[in-house]
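Novice: Sequence and predicted structure below; questions after.
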Amino acid sequence: MKQPRPVFVCQQCDAQSPKWQGRCTECGAWNSLVEERPTEAGPAAGGTASLAGHRYALPGSAGQGARKYADITAENAARLTTGIGEFDRVLGGGIVPGSLVLLGGEPGIGKSTLLLQAAANFAVTHGPVLYASGEESEHQIKSRGDRLGVGDAPLYLMAETCIERILEEIGRIHPAMLVIDSVQTVFSLKFQSAPGSIGQVREAATQFLFTAKGHNLPTFLVGHVTKEGSLAGPKALEHVVDTVLYFEGERHHSHRVVRAVKNRFGAISELGVFEMTGTGLVPVPNPSAMFLAERSVATPGSAVLCCVEGSRPLLVEVQALVSTSAYGMPRRMAVGIDQNRLSLLLAVLEKRAGLLVGGDDVFVNIAGGMSLDEPAADLAIVGALASSLRNRPLPPGTAVFGEVGLGGEVRGVPQAPLRIREAQQMGFTRVVMPAANVDPALERGGEGAIELVGIRHVGEALDHLLA
């Protein structure tokens, strides 16, 4: 039988070409075409290769056609806990049976450590767990487990990269949870291309999706990230899975953050905070206290921001430094926030508040290695910039939040009561916030008193903050 002809597939946009080219004609990426030569699916490709051709159905719907919406009864599956409260929070309250979760992060950030801890806890309470690793041997995983204190749990380790062999082991063990570390290292016998290519990654995601849904088996996939910080492999990988988690953190900080960017079973942008210790990742019950632990109160250029990540309120320190530029072109540097947003706020300060910073170097940092992208951080950034420029510290016990528009107006933000309660619990006595969010019912006197200052314009905010 005639062998199928090879095709060259772009690893960036999935475009196909009959011959190799230096540059993809669709997306313009250089040196992104990789040869993929599919083989015939049959006995020679492995005894379980034909599983990929079977259709699957969600539990309770096998063999049924289209059904009327009103005739379908909603079924809420019980969440399965991992024994790690912060991880369960990010997942939306626990693991949903049959869900497919993708966890991505920088090399060495702690992805394998977190999943090994979760797998060991899950195995003790819910049943056997299969941990298949294509990057480490069983002995390496065992040594890490000993350091993490993994006891005598029904946790099965497998150093394997062949998808068909992993599926065979699933049929033999019948695990309650599956962990694949990582999806870029596994391959299918149906393709001759190297592991990590776009065809292999797509096939792996599809195979594990069928397995998770068909056997009601919760599955975790570890994903590599590119130099740009996005998950490696085709974008379709993120569309296939139910939940996408990003593991973030600075190498020089002990804390790590797990952030949900997609979740079909819970809120997106949910956040879990961990501290990396010698015995593994330890959940941090009060992240606000950790981020503000080393804050200096009477320092110009420092403001405390009440932000919300998912359903969790956090207090973080926004630091700014404005200094005279020694060169003709002043520098603008931002760590933890979008640099374009910083440029926008500087323009608003000059035009609407009369603060001249055009010839100064400006540096903004979110202390503790946090990354923020919500507009509610605008007012805290403006306050920190003005404080550094005037060399005057903000009043002690003051927290700030609010969005700043191009006209200098301060706009309301969602979940204001949640932010105020967090500031009050951390001992702050005054909150400078948008006037649209001020609710007199939230302002308290006596012990634990807190004052709410409503602001309508950025100039009014600077009068209150630098009075």
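Specialist: Cool, got the structure.

Novice: Kindly state the domain boundaries assigned to this protein.
Specialist: Following automatic domain parsing, one gets these domains for the chain: 1-38, 80-285, 289-465.

Novice: Go through those domains and find the least confident stretch.
Specialist: The minimum mean pLDDT among the domains of the chain belongs to domain 1-38 (a mean of 79).

Novice: Just the buried residues of it, please?
Specialist: By neighbour count with 16 or more other CB atoms under 10 Å, domain 1-38 contains the buried residues 7-15, 24, 32-34, 36, 38. C-beta coordinates here come from the backbone N, C-alpha and C atoms, glycine included.

Novice: same check, this time on stretch 85-92
Specialist: Buried-residue list, stretch 85-92, by 16+ other CB under 10 Å: 86-92.

Novice: how about those residues in CSV, adding distance to Ile180 and secondary structure?
Specialist: Below are those laid out as CSV (distance: CB to CB, whole Å; DSSP: H, G, I helix; E, B strand; the rest coil):
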residue, distance to Ile180, secondary structure
Glu86, 22, helix
Phe87, 17, helix
Asp88, 20, helix
Arg89, 23, helix
Val90, 19, helix
Leu91, 17, coil
Gly92, 21, coil
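
Novice: List just the nearest of these to Arg419.
Specialist: Closest to Arg419 out of those is Arg89 (18.2 Å), distances taken as CB to CB.

Novice: That closest one - nearest residue in space that isn't next to it in sequence?
Specialist: Leaving out its chain neighbours, the residue that sits closest to Arg89 by CB to CB, 6 or more residues apart in numbering is Gly272, at 5.4 Å.

Novice: can you pull the contacts of that neighbour?
Specialist: 86-87, 89-90, 257-259, 283 (CB atoms under 8 Å, 6 or more residues apart in numbering).

Novice: before we move on, the earlier item: so which of the buried residues of domain 1-38 are in strands?
Specialist: 7-10, 33-34, 36 (DSSP state E).

Novice: Would you verify that Glu168 is located in a helix?
Specialist: Yes - counting by DSSP: H, G, I helix; E, B strand; the rest coil, Glu168 is located in a helix.

Novice: how many neighbours does it have?
Specialist: 16 (other CB atoms under 10 Å).

Novice: Please apply the same query to Glu374.
Specialist: 16.

Novice: Can you report how many residues lie near the residue nearest to Ala289 when sequence neighbours are not counted?
Specialist: Leaving aside its chain neighbours, Ala289 sits nearest to Met426 (7.1 Å; criterion: CB to CB, 6+ apart). Per other CB under 10 Å, the neighbour tally for Met426 reads 17.

Novice: ok, the contacts of Gly272 vs Arg67, which is closest?
Specialist: Nearest member of the contacts of Gly272 to Arg67, counting by CB to CB, is Val90, at 32.8 Å.

Novice: Surely the closest one touches Ala267?
Specialist: No - counting by CB atoms under 8 Å, Val90 stays clear of Ala267, with 9.4 Å between them.

Novice: give me the element Leu258 is part of.
Specialist: One thing to correct before we go on: residue 258 is Val, not Leu. Using DSSP states H and E, Val258 sits in strand 255-263.

Novice: re the thing from before, make sure I have this right: the residue nearest to Arg89 is in a strand.
Specialist: Yes - Gly272 forms part of a strand when assessed by three-state DSSP.

Novice: Beta-bridge partners for it, please?
Specialist: Val258 (DSSP bridges).

Novice: Distance check, it against Pro440.
Specialist: As for Gly272, its distance to Pro440 is 34 Å (criterion: CB to CB, to the nearest Å).

Novice: you'd agree Glu36 is up against Phe191?
Specialist: Yes - assessed by CB under 8 Å, Glu36 is found in contact with Phe191 at 6.2 Å.

Novice: any residues in contact with both of the two?
Specialist: Both Glu36 and Phe191 are contacted by 197, 199, under the criterion CB under 8 Å, 6+ apart.

Novice: Buried ones in stretch 190-203, by neighbour count?
Specialist: So stretch 190-203, judged by 16+ other CB under 10 Å, has buried residues 190-193, 195-203.

Novice: Can you tell me the number of residues neighbouring the nearest residue to Ala376 once chain neighbours are set aside?
Specialist: Once flanking residues are discounted, Ala376 sits nearest to Val413: 4.1 Å by CB to CB, 6+ apart. For Val413, the count of nearby residues is 23 (other CB under 10 Å).

Novice: quick check, Val413 in a helix?
Specialist: No - Val413: not assigned to a helix; according to three-state DSSP it is coil.

Novice: Looks like it contacts Ile420 (just checking).
Specialist: No - the pair Val413 / Ile420 is not scored as a contact, 11.6 Å apart, by CB under 8 Å.

Novice: Relative to Gly408, how far out is Leu462?
Specialist: 10 Å.

Novice: if we can go back for a sec, now the buried residues of stretch 190-203 in CSV, with distance to Ser343?
Specialist: Shown next, in CSV, are those (distance: CB to CB, whole Å):
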residue, distance to Ser343
Lys190, 50
Phe191, 46
Gln192, 49
Ser193, 44
Pro195, 42
Gly196, 38
Ser197, 39
Ile198, 36
Gly199, 42
Gln200, 42
Val201, 37
Arg202, 39
Glu203, 44
